[in-house]
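# sequence? don't have it. structure:
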């Protein structure tokens, strides 16, 4: 308890330095929170698109099931297909009705005969879509092939960019915040130079002198991380109605799970405490060596 009292006293003596260090950690972990939320969201969206049928082949009228089975077998032999699903004309009509049940006028005069049968194909890799589409276009019973040539690839690149830019920004801010804590702790120790010298003469151990400063560094980190987490949660809650759309609702990415946010808070508190401890330890060790 005496160490905690000394730490509180140190914080009260230099409130502005404490505020600067806490704000530096706040900025760092606010960027970290936003980066992790974006990275997790982009991963969910990417997995969603990878799990969806990535190519659809529409068959001409009167295509027999034998022809469909032959095409399925040819695709399976390539080793590039993960799943195949045949949609008959009756199935296509039912899907159409389900998607447009809120607008009855679109259901008038629509029958199964005017809707083509189709084959939904999921590929193992986005790069396999083009050769698969090439095989399907050679089939005489295939009327058209639709596949997103660059959607998954662009999403993968976007996720990589988010990870790269986010990691670089967070790394820079972590170094910056650590240097701020080192400077603040070093400044405080210089102010208390005489007091520390007296404590040494009275027989105080190095750890007895160090511990309040180490706790102070942990305080800066934890307070900054918790404040940043609260700010990121408030921002996310505020912008959720604007970010929600029919697509995101289908993916079930918003609202963000409270469990995910609690895990994020726990991780940030641990990381911030370690960073604050490390930075203050560097400052204290450097001073005590003088």
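Cool, the structure landed. Model, not experiment: these values are computed from the prediction.

# from here on, just use CA atoms for contacts and neighbour counts.
Will do.

# show me the domain layout of this protein.
2-49+153-288, 55-147 (automatic domain parsing).

# so which of those is the most packed in?
domain 2-49+153-288 (a mean of 17; mean count of other CA atoms under 10 Å).

# can you give me the mean pLDDT across it?
Across domain 2-49+153-288, the average pLDDT comes to 78.

# nearest spatial neighbour of residue 162, skipping sequence neighbours?
Distances taken as CA to CA, 6 or more residues apart in numbering place residue 39 nearest to residue 162, at 6.6 Å, with adjacent residues excluded.

# what kind of secondary structure is the one you found in?
Under the three-state scheme (DSSP: H, G, I helix; E, B strand; the rest coil), the conformation of residue 39 reads as helix.

# quick check, it in contact with residue 159.
Yes: taking contact to mean CA atoms under 8 Å, the distance of 6.7 Å between residue 39 and residue 159 places them in contact.

# joint contacts of these two?
Where contact means CA atoms under 8 Å, 6 or more residues apart in numbering, no residue is in contact with each of residue 39 and residue 159.

# picking that back up, next one: the residue nearest to residue 162 from residue 32, what distance?
Shown here: residue 39 relative to residue 32, a distance of 10 Å by CA to CA, to the nearest Å.

# host element of residue 173?
Counting by DSSP states H and E, the element that carries residue 173 is helix 151-191.

# the residue nearest to residue 162: what's it in contact with?
Residue 39 makes contact with 159, 162, 163, according to CA under 8 Å, 6+ apart.

# quick check: angle from the helix or strand containing residue 226 to helix 151-191?
With elements delineated by DSSP H and E, residue 226 resides in helix 206-243, which encompasses its position. Helix 206-243 and helix 151-191 meet at an angle of 150 degrees, taking axes from the mean of the first three to the mean of the last three CA atoms, to 10 degrees as the criterion.

# tell me the phi and psi of residue 56?
Recorded main-chain torsions at residue 56 are phi -130, psi 120, according to degrees, to the nearest 10.

# verify the stated contact: it with residue 120.
Yes: between residue 56 and residue 120 a contact is recorded at 4.6 Å, counting by CA under 8 Å.

# sheet partners, orientation included, of the host helix or strand of residue 121?
In this structure, residue 121 is located in strand 118-123 according to DSSP H and E. Paired with strand 118-123 in the same sheet, following DSSP bridges, are strand 55-59 (antiparallel), strand 81-87 (antiparallel).

# dump those into a markdown table; add distance to residue 14 and mean pLDDT as well.
Shown next, in a markdown table, are these (distance: least, CA to CA, whole Å; pLDDT from 0 to 100):
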| stretch | distance to residue 14 | mean pLDDT |
| --- | --- | --- |
| strand 55-59 | 64 | 86 |
| strand 81-87 | 63 | 85 |
